[in-house]
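> next come a sequence and a model predicted from it.
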Amino acid sequence: MIGLAAAAAAAGIAGGVAGLRAARRRGLDRWLPSYLTTRRPAPIPGEPVDVLIAVCDHYEPKRGGAPPARARARVQQWVDDYPRLFDRFRDSDGCVPRYSFFYPADEYEPEYLDMLAGLCRRGYGEVEVHLHHDNDTAENLRHTLLDFKRTLAERHGLLSKDRDTGEVVYGFIHGNWALDNARCDGRWCGVNNELDVLRETGCYADFTLPSAPSETQTRKVNSVYWAVDDPTRPKSHDTGTDLGTGPRPANGLLMIQGPLALNWGRRKWGLVPKVENACLQKSQPPDAGRLDAWMRACVNVATRPNWLFVKLHTHGVNEPNQDVLLGESMVRFHEALKERAARDALFRFHYVTAREMANIALAAADGADLSVAAARSYRYVPLG
């Protein structure tokens, strides 16, 4: 009996070690403990739930080294197909599906931005800032961001402004997920005070996360929060103060994360839950089941727990993913939203841009007595 018990114990230890190694390979050790121990404010039962859906695209027409003709055709497909496919849909506010094009400063092409600007002027979305950089300095980063912000605003009429100060502002997604020098090897960034540089150049919020399974994933998950930079170390946004739980910290940058969760509705081998990381791509199309997982993550602000923030991400400008985002999967998803709202009086959904999502979050934190529709331009308004 003792031998059997010892063997069982040894097997259990071996299994635990193997499980830990597997978890580390998948990057679960970076975020799973906080995911399992942190309780988000749950929506108030019996009251309407407003689901805010923002698709934030790392929009890279030159992705994969595409030649100019191919890159141009990719953008043209968005300009042609987005209205054709989605103009017939309306959310609970009567808005068409709205898209957030985070365009990389390092791939700037005036022609492509002019094409997107035309689509945005028709009400289908907004352009924000994306950036890939490596071995950078704070001084050069500041110059890059200010120059690109000026170009987008003055050359293309894009971005938004603070309604009180008139400052041109922008939302941001970091290339390669390496916000604030978050990679262990220091690649694809190099700037330990990146959060401060972003804030000082007019960034109203960062939308990089979640980044799992990347090593850049933060411990803090499923949150809308203030991150304060510590220039002496990288990845200062690993922790922060939840929006709506107190005053804004001095020098805080707003972080809006997408859902990150274990999805027990989708299991590998029928046993192991898959990771839901809010990514839209060929292998992860949107559907009603994923919507439920996004809602269960309860990304919200404590002062308005029934407003659920569903920030999704994608690399939409490459053909396999483009087939999903401009194809039947996305059409069926919009149809499912419409059908759910029709049969459930407590379910409301809202297509929002990154800017609108930040505004709604700030309105919630301030306790503003506003509807979602009224909060879309609470602080930041389009330049036009």
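Yes, it's here. Numbering: from 1, shown residues only.

> hey, let's count contacts and neighbours off CA atoms from now on
OK.

> so who does Val75 touch?
Applying C-alpha atoms under 8 Å, 6 or more residues apart in numbering to Val75 gives the contacts Pro61, Tyr112, Met115, Leu116, Val317.

> redo that, cut-off 10 Å
Going by C-alpha atoms under 10 Å, 6 or more residues apart in numbering, Val75 touches Tyr59, Glu60, Pro61, Lys62, Glu111, Tyr112, Leu113, Met115, Leu116, Val317.

> check Tyr351 too.
So Tyr351 contacts 51-55, 90-99, 124-125, 357 (C-alpha under 10 Å, 6+ apart).

> try it again at 8 Å.
By C-alpha under 8 Å, 6+ apart, the contact list for Tyr351 reads Leu52, Ile53, Ala54, Asp91, Cys95, Val96, Pro97, Arg98.

> wait, doesn't the last one sit right on Thr353?
Yes: in this structure, Arg98 sits in contact with Thr353. The criterion is C-alpha atoms under 8 Å, and the distance is 5.9 Å.

> of the two, give the one with the bigger neighbour count.
Thr353 (26 against 22; other C-alpha atoms under 10 Å).

> touching, that one and Ala54? I think so.
Yes: with contact defined as C-alpha under 8 Å, Thr353 reaches Ala54; the gap is 5.5 Å.

> shared neighbours of these two, anything?
Common contacts of Thr353 and Ala54, defined by C-alpha under 8 Å, 6+ apart, comprise Arg98, Tyr99, Ser100.

> would you turn these into a markdown table with distance to Leu308?
Below are these laid out as a markdown table (distance: C-alpha to C-alpha, whole Å):
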| residue | distance to Leu308 |
| --- | --- |
| Arg98 | 17 |
| Tyr99 | 18 |
| Ser100 | 18 |
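
> so what's Val96 up against?
Val96 sits next to Phe86, Asp87, Arg88, Phe89, Arg90, Gly123, Tyr124, Tyr351 when contact means C-alpha under 8 Å, 6+ apart.

> please check these and keep the buried ones.
Phe86, Arg90, Tyr124, Tyr351 (16 or more other C-alpha atoms under 10 Å).

> any idea how far the third one is from Pro110?
Counting by C-alpha to C-alpha, to the nearest Å, the separation of Tyr124 from Pro110 is 19 Å.

> can you check the last one too?
Computed as C-alpha to C-alpha, the Tyr351 to Pro110 distance reads 27 Å.

> thinking again about what came up before, nearest to Asp366 among the contacts of Val75?
Among the contacts of Val75, Tyr59 lies closest to Asp366 (C-alpha to C-alpha), at 31.9 Å.

> can you get me a residue count around the closest one?
What Tyr59 shows, counting by other C-alpha under 10 Å, is a neighbour count of 23.

> let me see the contact set for it.
Phe101, Phe102, Tyr103, Pro104, His130, His315, Gly316, Val317.

> state the distance from the second one to Asp230.
It stands for Phe102. Distance from Phe102 to Asp230, by C-alpha to C-alpha: 26 Å.

> more crowded one of these two?
Comparing Phe102 with Asp230 by other C-alpha under 10 Å, the one with more neighbours is Phe102, at 25 against 16.

> can you give me the end-to-end distance of stretch 256-265?
End-to-end span of stretch 256-265 (C-alpha to C-alpha): 25 Å.

> what's the neighbour count on Leu260?
That count, for Leu260 with other C-alpha under 10 Å as the rule, works out to 27.

> thought Glu356 was touching Ala374?
No: contact criterion C-alpha under 8 Å: Glu356 and Ala374 do not qualify, at 10.1 Å.

> these two: who's more crowded?
For Glu356 versus Ala374, the count of surrounding residues by other C-alpha under 10 Å is larger for Glu356: 24 against 13.

> for the residue lying closest to the more buried one once chain neighbours are set aside, give me its contacts.
Among residues not flanking Glu356 along the chain, Arg376 sits closest, at 4.5 Å (C-alpha to C-alpha, 6 or more residues apart in numbering). For Arg376, the contact set (C-alpha under 8 Å, 6+ apart) comprises Val352, Arg355, Glu356, Met357, Asn359, Ile360.

> now do 6 Å
By C-alpha atoms under 6 Å, 6 or more residues apart in numbering, the contact set of Arg376 is Glu356, Asn359, Ile360.

> cool, and Lys274?
Leu262, Asn263, Arg266, Arg267.

> mind running it again at 10 Å?
So Lys274 contacts Ala261, Leu262, Asn263, Trp264, Gly265, Arg266, Arg267, Lys268 (C-alpha under 10 Å, 6+ apart).

> what residues are bridge-paired with it?
Asn263 (DSSP bridges).

> need the pLDDT of it.
Per-residue confidence (pLDDT) for Lys274: 89.

> how far away is the residue nearest to Glu356 from Ile360?
6 Å.

> overlap in contacts, the two.
Val352, Ala354, Leu370.

> of the residues you listed, grab the buried ones for PyMOL.
Of these, the buried ones go into a single PyMOL selection, burial set by 16+ other C-alpha under 10 Å:
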select buried, resi 352+354
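
> and which of the shared contacts of Arg376 and Ile360 is nearest to Arg332?
Val352 (18.6 Å).

> low-confidence regions, the stretch 101-250 of the chain specifically.
Within the stretch 101-250 of the chain, not a single segment meets pLDDT under 70.

> would you state the strands of it in chain order?
For the stretch 101-250 of the chain, the strands defined by DSSP state E, counting those that start in this stretch occupy 125-131, 160-162, 168-174, 203-206, 224-228, 241-242.

> among those strands, which is nearest Ala66?
strand 125-131 (17.8 Å).

> so what's the residue count around Arg63?
By other C-alpha under 10 Å, the residues close to Arg63 number 14.
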